[in-house]
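In: sequence plus predicted model, see below.
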Amino acid sequence: MDALGLAARWLHLASAILLVGAATMIVLAGRSDRPTARRWEHRVLAGSRGLALVALGSGLVVLAVQTALFEGRAGAALEAGAIARVLIETQAGRVWLVRFGLLVILAALLWSRLSVERALDWRAARGQAVLLGAAALVPIAAAGHAAAVEPETARAVALDGLHVIGAGVWVGGLLPLALLLWAAADERGADARPYAVLAARRFSRVALGVVLVLVATGTLLAIANVGNVAGLVGTAYGRLLLAKLGLVLAALALAAVNRAVHLGRLAGDGPTVGRPAMRRLATFVAGEGLIALAILAIVATMSVTPPARHEAPTWPFAIRLSFRALEGAPAAFVRVLVGSQVAVLGLVGLAAGLTLRGRRLPLVAGALVVLGAGVGLALPPLAIDAYPTTYRRPSVPYQAASIASGAALYREHCASCHGLGGAGDGPAGVRLPRPPADLRAPHTAQHTAGDLFWWLSNGIPAAGMPAFGRELSEEQRWDLVNFLRALSSGYAARGMGPTIEPDRPWLVAPDFTFAVGPTPPRSLREYRERRIVLLVLYDLARARARLAEIAGRDGTLALLGVEVIAVPVHDARDAIKRIGREPRVLFSVATEGSEAIAAAYHVLATAPHVEFLIDRQGYIRAVTRGNGGAGDLDKTIAEIQRLNDEKAPPPAPEEHVH
């Protein structure tokens, strides 16, 4: 079923694209009264009629296969009820209906016996074929991966539609052009040789612009569906895209040779220059067309392969490049800086060598040597060890419950070697081949979450670290990763005080869920883009005075767009009852979820009483540590006003750590 579905998709896509290209090529070549040109036009039209039938037939097969996949059983492919459900209830089905209807109209137009003796009738008939072919091709974008891009779905669909139309004009026009050139290169086709030369030049100009559109739209679509280098080399979709790019480069190389060499020779002496050049050009164009058909086979496969952005990439190399390797290494920074400048000089020389006509070979050779030397200087210091899971996206979000679970797992499995605080000073660490790592140090943040996951799963034999892949579930290992990220962030934030750093958000506030009495649960994320949050971790025995101070300014805080969430560090079920009537609290006091919140946020800042000022994007901007007594709330209010005055808020942090 899979092979049949892929073959049908390729046939359908290729025939739809060739229909657009054939119609466009006829219009570009123009109307002619030369017998050879008229025979070529009739031949292309006959081929288009066949292509229309292939498109309709393969489209029916694609629908049947899709129905079987949606229903989960092969027999559904032949059931009218199942097919009707797909057509009516799914986006892909509704798009199929629109496209199939347009293809039926196009087929009827191609098979009808229209009188095109008048120039106006000819232009109307041939132009209508172009429009119908394009109209039947563009909706493919609304049923493909572009329709699943979020946000900016409409933009992605428009880009994909433009990309498909560009492919139709360029790819679909190659084989009809090759047929025309072969016909005109023959001795019997001398009457159509000027016509073929003019058509080739017109197509070359149009193809150049279309290729630029394809490159631009293809790049934007690749960014949307792949995202990064890891997705490009570490997923099936990315590797298919690389194969597609390789074939595209081969086709463009042939196109460049055609444009630079063969096209200019078409006007030469017929027997000695023009006709041989036309035959060579026809062969190269046909080769370009065959490569394009292979590209369409890859595109058909990509259409049923999950986009790289939605897959966990498997990094295939032992190293990766990162500027984080330069942190704390001034000598390496200087080397990279010098190497990059040498590489830029090499690129400038290479551009000059390719542009200038005189002494081109020595310039290009010298520039390549300089470029290689610059790359050799700049890249090695950026290399960091990498693993298959280096770029894997965590399956567990960076949330308080996960961090709290990871903290418990850390105390059970890791603290004996790395120490309770992660400083690498655990009693069992003295027996290891080398001292345990300080997990608070900046190097922890230099590694990806996938690096940490790999070490937890497979261990580090040289350091004596055991593998926990069998002992701990995947979710537990991601909990540990989230805790280690919080531990490193907390150490980096040890100097953060009650004053914000303007326009420098970096410390992500872990999301959490809490409830106040019988009300439905709420989460920190619900306040994104709406409210600043003042998160208060309190011990009631110490904090009555501070809670009373906050309660007394509740109206001012509300006017400033602040939501106060008070979280008791001890048992919270009767937190509101224990506070009683004094102070009179109107802000949220968590009665559920407080244990996980306190455990996670105490990793970021430890004190008997801690207040976190969290901006509207979800970053901790200030931390107030104390004993819970009354303080100067005016200072906190002043910092809140500074947050409100910030003009360019950053994007919200992602749900998962990286």
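Out: Nice, I can see it.

In: could you give me the average pLDDT of stretch 199-206?
Out: Taken as a whole, stretch 199-206 carries a mean pLDDT of 91.

In: cool, and stretch 225-240?
Out: pLDDT averaged over stretch 225-240 gives 92.

In: quick check: buried residues in that stretch?
Out: Residues of stretch 225-240 classed as buried: 225, 226, 227, 230, 231, 232, 233, 234, 235, 237, 238, 240 (neighbour count, 16 or more other Cβ atoms under 10 Å). In this view, the C-beta of every residue, glycine as well, is placed from N, C-alpha and C.

In: repeat for stretch 631-643
Out: 631, 633, 636, 637, 639, 640, 643.

In: and the first one, helix, strand or coil?
Out: Secondary structure for residue 631, judged by DSSP: H, G, I helix; E, B strand; the rest coil, is coil.

In: contacts only, for residue 13.
Out: Contact analysis of residue 13 by Cβ atoms under 8 Å, 6 or more residues apart in numbering lists 140, 296, 299, 300, 303.

In: spit out the contact partners of the fourth one.
Out: Looking back up the chat, that one is residue 300. Counting by Cβ under 8 Å, 6+ apart, residue 300 has contacts 6, 9, 10, 13.

In: among those, name the buried ones.
Out: Among the contacts of residue 300, those classed as buried by 16+ other Cβ under 10 Å are 6, 9, 10, 13.

In: and which of the buried residues of stretch 631-643 is nearest residue 202?
Out: residue 643 (60.3 Å; Cβ to Cβ).

In: gap between the spatially closest residue to that closest one that is not a sequence neighbour and residue 654?
Out: Distances taken as Cβ to Cβ, 6 or more residues apart in numbering place residue 615 nearest to residue 643, at 5.3 Å, with adjacent residues excluded. Noted for residue 615: a distance of 16 Å to residue 654, by Cβ to Cβ, to the nearest Å.

In: which of those two has more residues huddled nearby?
Out: Shown here are residue 615 and residue 654; by other Cβ atoms under 10 Å, residue 615 has more neighbours (23 against 12).

In: isn't the residue nearest to residue 643 right up against residue 504?
Out: No: in this structure, residue 615 is not within contact of residue 504 by Cβ atoms under 8 Å, at 11.1 Å.

In: JSON lines for the buried residues of stretch 631-643, including distance to residue 177?
Out: Below are the buried residues of stretch 631-643 laid out as JSON lines (distance: Cβ to Cβ, whole Å):
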{"residue": "631", "distance to residue 177": "80"}
{"residue": "633", "distance to residue 177": "77"}
{"residue": "636", "distance to residue 177": "73"}
{"residue": "637", "distance to residue 177": "73"}
{"residue": "639", "distance to residue 177": "68"}
{"residue": "640", "distance to residue 177": "68"}
{"residue": "643", "distance to residue 177": "62"}
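
In: next, count neighbours for the nearest residue to residue 352 once chain neighbours are set aside.
Out: Nearest non-adjacent residue to residue 352, counting by Cβ to Cβ, 6+ apart: residue 363, 6.1 Å away. Here the number of neighbours of residue 363 (other Cβ under 10 Å) works out to 18.

In: over to the one 5 residues further on?
Out: Neighbourhood size, residue 368 [other Cβ under 10 Å]: 14.

In: before we move on, back to that, just the buried residues from the contacts of residue 13, in PyMOL please.
Out: To isolate the buried members of those in PyMOL, using 16+ other Cβ under 10 Å:
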select buried, resi 140+296+299+300
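
In: so which of the contacts of residue 13 are in helices?
Out: Counted as lying in helices by DSSP state H, out of those, are 296, 299, 300, 303.

In: may I ask which two of the residues you listed are separated the most?
Out: Between all members of the ones in helices among the contacts of residue 13, the farthest pair (by Cβ to Cβ) comes out as 296 and 303, at 10.4 Å.

In: how distant is the helix ranked longest in the chain from the center of its chain?
Out: Across the chain, the longest stretch assigned as helix under DSSP H is helix 35-71. Centre-to-centre, helix 35-71 and its host chain are 33 Å apart (Cα atoms, centre = their mean, to the nearest Å).

In: buried sites along that helix?
Out: 36-37, 40-41, 44-45, 47-48, 51-52, 54-56, 58-59, 61-71.

In: that one packs against which elements?
Out: On a contact count with 3 or more Cβ pairs under 8 Å, 6 or more residues apart in numbering; DSSP states H and E, helix 35-71 meets helix 2-29, helix 80-89, helix 91-111, helix 153-185, helix 193-225.

In: would you mark the buried spots in the second one?
Out: By neighbour count, with 16+ other Cβ under 10 Å as the criterion, the buried positions of helix 80-89 are 82, 83, 85, 86, 87.

In: now the strands: where do they sit in the stretch 301-450 of the chain?
Out: Counting by DSSP state E, counting those that start in this stretch, residue ranges of the strands within the stretch 301-450 of the chain are 319-321, 383-385.

In: just name the most buried of those strands.
Out: Ranked by mean neighbour count, those are led by strand 319-321 with a mean of 16 (mean count of other Cβ atoms under 10 Å).

In: run me through the strand neighbours of that one, direction for each.
Out: Strand pairing for strand 319-321, using DSSP bridges, gives strand 383-385 (antiparallel).

In: how about JSON lines for the ones in helices among the contacts of residue 13, with pLDDT and distance to residue 552 added?
Out: Listed next are the ones in helices among the contacts of residue 13 as JSON lines, based on pLDDT from 0 to 100; distance: Cβ to Cβ, whole Å:
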{"residue": "296", "pLDDT": "94", "distance to residue 552": "71"}
{"residue": "299", "pLDDT": "94", "distance to residue 552": "66"}
{"residue": "300", "pLDDT": "93", "distance to residue 552": "68"}
{"residue": "303", "pLDDT": "91", "distance to residue 552": "62"}
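
In: would you turn those into CSV with distance to residue 314?
Out: Output for the ones in helices among the contacts of residue 13, formatted as CSV (distance: Cβ to Cβ, whole Å):
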residue, distance to residue 314
296, 27
299, 23
300, 24
303, 22
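
In: for the residue most central in space within the chain, which non-adjacent residue is spatially closest?
Out: Central residue of the chain (Cα atoms, centre = their mean): residue 227, 2.6 Å from the mean position. Nearest residue to residue 227, sequence neighbours excluded (Cβ to Cβ, 6+ apart): residue 309, at 4.5 Å.

In: give the contact list for the one you found.
Out: For residue 309, the contact set (Cβ under 8 Å, 6+ apart) comprises 224, 225, 226, 227, 231.

In: would you point out the most distant pair within these?
Out: Across the contacts of residue 309 (Cβ to Cβ), the longest gap, 11.0 Å, separates 224 and 231.

In: so, low pLDDT: which residues of the stretch 101-250 of the chain?
Out: Under the criterion pLDDT under 70, no range of the stretch 101-250 of the chain is flagged.

In: next, the buried residues of stretch 543-561.
Out: For stretch 543-561, burial by neighbour count (16+ other Cβ under 10 Å) applies to 543, 544, 546, 547, 549, 550, 551, 553, 554, 557, 560.

In: surely the fifth one and residue 631 touch.
Out: So the one you mean is residue 549. Yes: Residue 549 is within contact range of residue 631, at 7.1 Å (criterion: Cβ under 8 Å).

In: where does pLDDT dip in this protein?
Out: For the chain, applying pLDDT under 70 flags the ranges 1, 267-274, 357-359, 442-445.
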